[in-house]
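Asker: A structural model of the following input is requested.
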Amino acid sequence: MGRTRRDGAAADWHCLPPGRNGPVAVSLSIAGYAALFDIPDGARDVIVRGAFSRSLAQRREPIPLYWQHRPEQRIGTVSLIEEDDRGLRVIATIDNPGSRAVAALLARETNGLSFGYRARGYRPMPDTGSGAGRVLEDIDLFEISLVTHPLQHGARVHMVQ
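Answerer: Sure, this is the predicted structure:
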């Protein structure tokens, strides 16, 4: 388990049980935030609390986990997804711990999370002099992705197990 810093955050954000020749796992779990509320992303869009609620309530099948938003590179399945006060919290299982995606994650070459969506309800961002952007109020969610460069900088994996 990772050590805890004085501020309470984990000093080591991943932990795997040691095997004889290194980490051993049949599958790998990750947890983090795929979206953060009320924080502009790289496209200057802002997601408000409740934007995912309709889509999550209507969804019947599991949400896929992709590598870099590529549908042909499905790496796992989202096992828990919910809105909380901070954003869209996800826990997902990666089916192939020997994959390139896991290697990049464990090497800390990537730790971003993102989501594929269609904006159903939005309004223009109030003019703040920062350029275009939208306030996203209703989102159709299609997938979650492990990515190298998330559009929302703070959307990250916080735990790997």
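
Asker: for beta bridges, what are the partners of residue 76?
Answerer: For residue 76, the beta-bridge partners under DSSP bridges are residue 65, residue 94.

Asker: how many residues are close by it?
Answerer: Residues contacting residue 76 under the criterion other C-beta atoms under 10 Å number 25. For glycine as for every other residue, the C-beta is placed from the backbone atoms N, C-alpha and C.

Asker: and the next helix or strand past whichever strand or helix holds residue 92?
Answerer: With secondary structure defined by DSSP states H and E, residue 92 is part of strand 87-94. Moving toward the C-terminus from strand 87-94, the next helix or strand (DSSP H and E) is helix 100-106.

Asker: thinking again about what came up before, what's next to the strand holding residue 92, contact-wise?
Answerer: If you take C-beta atoms under 8 Å, 6 or more residues apart in numbering as the criterion, strand 87-94 is touched by 27-37, 47, 52, 65, 75-83, 101-102, 113, 115, 144, 146, 155.

Asker: buried subset of these?
Answerer: 28, 30-37, 47, 52, 65, 75-78, 81, 83, 101-102, 113, 115, 144, 146, 155 (16 or more other C-beta atoms under 10 Å).

Asker: so residue 77 sits against residue 30, correct?
Answerer: No. Assessed by C-beta atoms under 8 Å, residue 77 is found out of contact with residue 30, at 11.4 Å.

Asker: how far does the helix or strand residue 82 falls within sit from its chain's centre?
Answerer: Under the criterion of DSSP H and E, residue 82 resides in strand 70-83. Counting by C-alpha atoms, centre = their mean, to the nearest Å, strand 70-83 is centred 9 Å from the centre of its parent chain.

Asker: that one vs strand 87-94, what angle?
Answerer: 130 degrees (axes from the mean of the first three to the mean of the last three C-alpha atoms, to 10 degrees).
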